[in-house]
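Trainee: Sequence first, then the predicted structure:
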Amino acid sequence: QHFSWPRIAEDAAIGFGVGLALVAITWFLSRVLTPLQDLEREFRRVLGNVSTQRILALALLSGVAEELVFRGTLQPWIGYVATSIIFGCIHFVPSTVFLPWTLFALGAGFLFGWLFEYRDSLIAPIFAHVTVNALNLLLIVRGQRKT
């Protein structure tokens, strides 16, 4: 693909939209599923009172770095399915309260991998990943998801 600002803007918009949709789904599910409510409480406890600036930095750094490694490097080498499974596995924490996070990461890995294949670009999965990380962390840490 050649460099094109309209294409980059389109990929960014698609990624942002996918990220917003995923955040909306997790927000809804966290209202009705006790394991997700328990997970949010545990994340809130572990993260403490982290600043908005640090949340945004963490979301940006983790989203970009993970997409460069997983979709940009591993996926072309070992394929969509293997990369998505590995992505889910690196989000494994040996605690039942974190199991929903691992399952979410597995699903997100498949979604971000599909975005990479569909758009033939890292821009869409990077924007989706950063959006999900930033908004979910802000909602959890700021207590907007009172459970």
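Mentor: Cool, got the structure. In this text, all values refer to a predicted model and were calculated from it rather than measured experimentally.
Trainee: Find the centremost residue of this structure, please.
Mentor: By CA atoms, centre = their mean, the chain has its centre lying nearest to residue 129, at 4.0 Å.
Trainee: what's the pLDDT at that residue?
Mentor: With respect to pLDDT, residue 129 scores 98.
Trainee: Name the nearest residue to it, ignoring sequence neighbours.
Mentor: residue 63 (3.8 Å; CB to CB, 6 or more residues apart in numbering). No exception for glycine: its C-beta is placed from N, CA and C like everyone else's.
Trainee: do you know how far residue 69 is from residue 125?
Mentor: In this view, residue 69 and residue 125 are 12 Å apart by CB to CB, to the nearest Å.
Trainee: Look at these two and report which has more neighbours.
Mentor: residue 125 (33 against 15; other CB atoms under 10 Å).
Trainee: Which helix or strand contains the closest residue to that one other than its chain neighbours?
Mentor: Spatial nearest neighbour of residue 125, excluding adjacent residues (CB to CB, 6+ apart): residue 112 at 4.0 Å. Using DSSP states H and E, residue 112 sits in helix 99-119.
Trainee: just residue 50 next, same as before
Mentor: Counting by DSSP H and E, residue 50 is part of no helix or strand.
Trainee: Could you tell me how far residue 61 is located from residue 39?
Mentor: 22 Å.
Trainee: Also residue 113?
Mentor: Applying CB to CB, the value for residue 113 to residue 39 is 23 Å.
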